[in-house]
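>>> Got a predicted structure plus its sequence, pasted below:
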There are 2 protein chains.
Amino acid sequence: MTSPTPRSPRRTARRSDALSRERIVETAVEVLDAAGEGGLTFRVLTERLATGAGAIYWHVANKDELLAAATEAVVARALPLAPDDPAATDSPATPDGPDADRPWEGVHAVALRLFEAAEAHPWLSAQIAAQLAGRPGGTVGPRIFEALGRHVRAMGVPVEGWFTAASALMHYILGATALNAANTAAAHALDPGVDRPRVLADAANAWQGLDPAAYSFTRTVADQLREHDDREQFRSGLDLVLAGIAAAHPPTATA
Amino acid sequence: MTSPTPRSPRRTARRSDALSRERIVETAVEVLDAAGEGGLTFRVLTERLATGAGAIYWHVANKDELLAAATEAVVARALPLAPDDPAATDSPATPDGPDADRPWEGVHAVALRLFEAAEAHPWLSAQIAAQLAGRPGGTVGPRIFEALGRHVRAMGVPVEGWFTAASALMHYILGATALNAANTAAAHALDPGVDRPRVLADAANAWQGLDPAAYSFTRTVADQLREHDDREQFRSGLDLVLAGIAAAHPPTATA
DNA sequence: ACCTGAACACCGTTCAAGT
DNA sequence: ACCTGAACACCGTTCAAGT
């Protein structure tokens, strides 16, 4: 830091201060975490990396590709994909062995990893959605789908139901994380002082102030909104989807 | 159009060519539909409205507020909220009367309205998510929640389960519409020539080209991806969630 | 009260020029 | 092959000035 070392192109192939696509993407993730998508600009990137704009464009085509790479990096970290053995029913995410007895736990593990990734990286959910929509060749869609699907398979859902079940899970998880994580983070960005309970209290109060004639249902559950726990709620909703999948595919007499 | 009429401030209070917040929001929706969020700029707005930038800022605080207003306008149109009668169980969206026999149909009607709105306005889902996350005082959250919740109530779910059930439905619907609608639209924006079957075929081919060791599940359902119908898939997933809600709250002997 | 339009600070991206 | 940094076109927003 104090004295810039002169370029010595020999030695190991990897130098920590050399510019590389990997280092750019890592820095982009840091900036996104701290300042959101709006805060990620090529100017702050050139400052943090101590280069010119052109240097970044040498490694990355444009901002869209940079956002895609950042998203893929974070999702890949959250959902490492071990080689698959279709015959095995155990989930590597639950260390307590095969989930034959409680086949839903594998889905819960995957979902929670995504939930926590979205909590740590508030920009993630929106980027995943953008990725799935606009990038046919992207790897984040298949990665999430595969991670969920393996457990759907382990649940004993027949093949014809795989796509529907895995899609429904993915849709629920994406919708839930998009709202939940962005929720906390947005409040935080506006005013770092406010915490989650305060945000919920404000929202609940707003619900209670709604027109009774038009919003009787919403007013009734205002207290449930105030007191709910995000993660617990996420799990409960996930269980509803899983219960629906199980109900749609009752176990046959194969066992 | 040909000759600009001179200002005559008398007559009716409403003149079709006068600038107003309503007219600005309407124009914003048109621009968003045609060019997406990136295409909505104050420059194209000033051109379409034949004014200066300052005139727009007189009626609207900033771009965020304009996006919020556009979102609220579209959602309000998709989900008009009649005064609520908590005792009634019929859904105004299904003209064939009360849904006591098939209590899910009300949810389906609401969900389909949102699905279609998201199809017609590809920018909508992302904006709804942003709205729910960042705008505590906004009306779109309560509106969607109330529309869904009334039918949850009609399904016979006990009060303690209302918040969880309505939330799960909202999360699924938002996740599904976000992916589905943006999907078609993004492909359309890139190349207006490609249609939905072509996009699906490309995606399915990409899935089939994945590494067999890591993506066996995803590869297996590639054909289901290719042949699925968006709307039918959306309904099937919704039915899974509804089945889960029903399973979690089996009807008691109250009837 | 409502509108005009020039001006400001900032953004993503390009590109001739360097090493 | 990789990097520099000035330049370009464009963006959201402001504001003194008009009516």
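Now that the structure is in, tell me what you want to look at.

>>> Which parts of the stretch 101-250 of chain A are helices?
Per DSSP state H, counting those that start in this stretch, the stretch 101-250 of chain A carries helices over the ranges A:104-120, A:124-134, A:140-154, A:162-190, A:196-208, A:216-220, A:222-227, A:230-248.

>>> Reformat those helices as TSV; add distance to residue B:68, mean pLDDT and mean neighbour count.
Bear in mind the C-beta positions are built from the backbone N, C-alpha and C, glycine included. Putting the helices of the stretch 101-250 of chain A into TSV (distance: least, CB to CB, whole Å; pLDDT from 0 to 100; neighbours: other CB atoms under 10 Å in any protein chain shown) gives the following:
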stretch	distance to residue B:68	mean pLDDT	mean neighbour count
helix A:104-120	23	96	21
helix A:124-134	16	90	23
helix A:140-154	28	97	24
helix A:162-190	13	85	24
helix A:196-208	15	90	16
helix A:216-220	19	97	21
helix A:222-227	21	96	17
helix A:230-248	23	97	21
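
>>> what about these, which gets the closest to DNA strand C?
Comparing the helices of the stretch 101-250 of chain A against DNA strand C with CB to the nearest atom of the strand, the closest turns out to be helix A:124-134 (13.6 Å).

>>> How far off centre is the closest one?
Here helix A:124-134 is found 10 Å from its chain centre; the criterion is CA atoms, centre = their mean, to the nearest Å.

>>> what is the orientation angle of it with helix A:104-120?
With axes from the mean of the first three to the mean of the last three CA atoms, to 10 degrees defining the directions, helix A:124-134 sits at 110 degrees from helix A:104-120.

>>> Specify the angle between helix A:124-134 and helix A:140-154 in degrees.
In terms of direction (the same axes, to 10 degrees), helix A:124-134 departs from helix A:140-154 by 100 degrees.

>>> is DNA strand C contacted by helix A:124-134?
No. No part of helix A:124-134 sits close enough to DNA strand C to count as contact by CB under 7 Å from any atom of the strand; the gap is at least 13.6 Å.

>>> what do you get for stretch A:40-57?
Yes. Judged by CB under 7 Å from any atom of the strand, stretch A:40-57 comes into contact with DNA strand C at A:40, A:41, A:42, A:43, A:44, A:53, A:54, A:57.

>>> before we move on, back to that, just put the helices of the stretch 101-250 of chain A in CSV and tack on distance to residue B:155.
Written out in CSV, the entries for the helices of the stretch 101-250 of chain A read as follows (distance: least, CB to CB, whole Å):
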stretch, distance to residue B:155
helix A:104-120, 23
helix A:124-134, 28
helix A:140-154, 26
helix A:162-190, 18
helix A:196-208, 21
helix A:216-220, 12
helix A:222-227, 17
helix A:230-248, 12
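
>>> quick one: which of those helices is nearest residue A:82?
Each of the helices of the stretch 101-250 of chain A has some distance to residue A:82 by CB to CB; the shortest is helix A:140-154, at 9.7 Å.

>>> what's the closest one packed up against?
Judged by 3 or more CB pairs under 8 Å, 6 or more residues apart in numbering or on different chains; DSSP states H and E, the packing partners of helix A:140-154 are helix A:63-78, helix A:104-120, helix A:124-134, helix A:162-190, helix B:216-220.

>>> can I get those in JSON lines with distance to residue B:140?
Putting those into JSON lines (distance: least, CB to CB, whole Å) gives the following:
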{"stretch": "helix A:63-78", "distance to residue B:140": "26"}
{"stretch": "helix A:104-120", "distance to residue B:140": "21"}
{"stretch": "helix A:124-134", "distance to residue B:140": "17"}
{"stretch": "helix A:162-190", "distance to residue B:140": "12"}
{"stretch": "helix B:216-220", "distance to residue B:140": "34"}
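
>>> what's residue A:18 in contact with, if anything?
Contact partners of residue A:18, counting by CB atoms under 8 Å, 6 or more residues apart in numbering or on different chains, are absent.

>>> and it, what element?
Assigned by DSSP states H and E, residue A:18 falls within no helix or strand.

>>> show me what contacts residue A:168?
Contacts were defined as CB under 8 Å, 6+ apart; by that measure residue A:168 touches A:241, A:244, A:245, B:172, B:236, B:237, B:240, B:241.

>>> quick one: the fifth one and residue A:164 touch, right?
Yes. Taking CB atoms under 8 Å as the definition, residue B:236 is a contact partner of residue A:164 at 4.9 Å.

>>> Stretch A:206-217 and chain B, are they touching?
Yes. In terms of CB under 8 Å from any CB of the partner chain, part of stretch A:206-217 sits within range of chain B, namely A:206, A:207, A:210, A:213, A:214, A:215, A:216, A:217.

>>> end to end, how far does that stretch reach?
14 Å (CA to CA, to the nearest Å).

>>> got the contact list for that stretch?
Among residues not part of stretch A:206-217, those counted as contacts by CB under 8 Å, 6+ apart are A:218-219, A:221-222, A:225, B:81-84, B:86, B:136-137, B:142, B:145-146, B:149-150, B:152-153, B:162, B:166.

>>> 6 Å instead?
Contacts of stretch A:206-217 from elsewhere in the structure, counted by CB atoms under 6 Å, 6 or more residues apart in numbering or on different chains, are A:218, A:219, A:222, B:81, B:83, B:84, B:86, B:142, B:146, B:149, B:150, B:153.

>>> quick check, nearest of the contacts of residue A:168 to residue A:229?
Nearest to residue A:229 out of these is residue A:241 (CB to CB; 18.6 Å).

>>> residues near residue A:35, how many?
When neighbours are counted by other CB atoms under 10 Å in any protein chain shown, residue A:35 registers 14.

>>> Just the C-alphas of stretch A:223-239, formatted as CSV.
C-alpha atoms of stretch A:223-239 as CSV (Å, rounded to 0.1, in the frame of the first residue of the first chain):
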residue,chain,number,x,y,z
ASP,A,223,-50.8,-7.9,13.8
GLN,A,224,-49.6,-11.1,12.2
LEU,A,225,-47.5,-8.9,9.9
ARG,A,226,-46.1,-7.0,12.9
GLU,A,227,-45.1,-10.1,14.8
HIS,A,228,-44.0,-12.5,12.1
ASP,A,229,-40.4,-13.6,11.7
ASP,A,230,-39.1,-13.4,8.2
ARG,A,231,-37.3,-16.7,8.1
GLU,A,232,-40.0,-18.7,10.0
GLN,A,233,-42.5,-17.3,7.6
PHE,A,234,-40.4,-18.2,4.6
ARG,A,235,-40.2,-21.8,5.9
SER,A,236,-43.9,-22.0,6.6
GLY,A,237,-44.7,-20.9,3.0
LEU,A,238,-42.2,-23.3,1.7
ASP,A,239,-43.9,-26.1,3.6
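
>>> Any figure for the gap between residue A:140 and residue A:19?
Counting by CB to CB, to the nearest Å, the separation of residue A:140 from residue A:19 is 25 Å.

>>> Okay, residue A:33 and residue B:104: tell me how far apart.
Residue A:33 sits 41 Å away from residue B:104 when distances are taken as CB to CB.

>>> same thing with residue A:202?
Using CB to CB, one gets 33 Å for the distance from residue A:202 to residue B:104.

>>> so residue A:149 sits right up against residue A:165, yeah?
No. In terms of CB atoms under 6 Å, residue A:149 does not count as a neighbour of residue A:165; the distance is 8.3 Å.
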